[in-house]
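Colleague: Could you look at this predicted model? Sequence included:
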Amino acid sequence: MEKPIGWIGSSKKDLMELPDEIRKMIGYSLHLAQFEKDDIDSKPLKGFGSAKVREIVKNDTNSTYRSVYTIEFKEIVYVLHVFKKKSKTGKETPKHDIDLIKSRLKEAKRMYKERENEK
């Protein structure tokens, strides 16, 4: 069964601003997540304690792009953050991006709870 995608904050707008090829690749990865499947470039995001917050990493010749989503909820995939990695060194996600992801994860939990209460 295909799960819908929920967009938190500016994640959809940010995805739409990426280069076409990167946007298509991330879109395909998210499509797989809707069917509870993982793209080869999808992995658990470190620091979140489980595999339920995942990141997709895609590269082109100039840059690295990331999309972070959660599969924590039974009926929906929430996209938490989409961004271009600015640092040229290291693989770690910058602290300000981690803080934003944590904040948006809280928002996703609140939205999911509201969604469940409406049923």
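Modeller: Perfect, I can see it now.
Colleague: how about the helices in the chain?
Modeller: 11-16, 20-34, 95-117 (DSSP state H).
Colleague: How about Arg66: which residues does it bridge to?
Modeller: Taking DSSP bridges as the rule, Arg66 bridges to Val57, Phe83.
Colleague: In contact with it, which residues?
Modeller: By C-beta atoms under 8 Å, 6 or more residues apart in numbering, the residues touching Arg66 are 55-58, 81-85, 93. Every C-beta, even on glycine, is put in place using the N, C-alpha and C of the backbone.
Colleague: Report pLDDT for it.
Modeller: If you check Arg66, the pLDDT there is 95.
Colleague: How many residues are close by Val53?
Modeller: Counted with other C-beta atoms under 10 Å, the neighbours of Val53 add up to 22.
Colleague: Could you shift the numbering so residue one becomes 716, and keep it that way?
Modeller: Sure, I'll start counting at 716 from here, so that last one is Val768.
Colleague: so what's it bridging to?
Modeller: Residues in a beta bridge with Val768, per DSSP bridges, are Thr785.
Colleague: just checking, it touches Arg819?
Modeller: No - assessed by C-beta atoms under 8 Å, Val768 is found out of contact with Arg819, at 10.2 Å.
Colleague: Name all residues that sit in contact with those two at the same time.
Modeller: Leu795.
Colleague: since we're on Asp812, how many residues are nearby?
Modeller: Asp812 has 16 neighbours, counted by other C-beta under 10 Å.
Colleague: wait, what's in contact with it?
Modeller: Asp812 neighbours (C-beta under 8 Å, 6+ apart): 796, 798.
Colleague: Great, nothing more from me.
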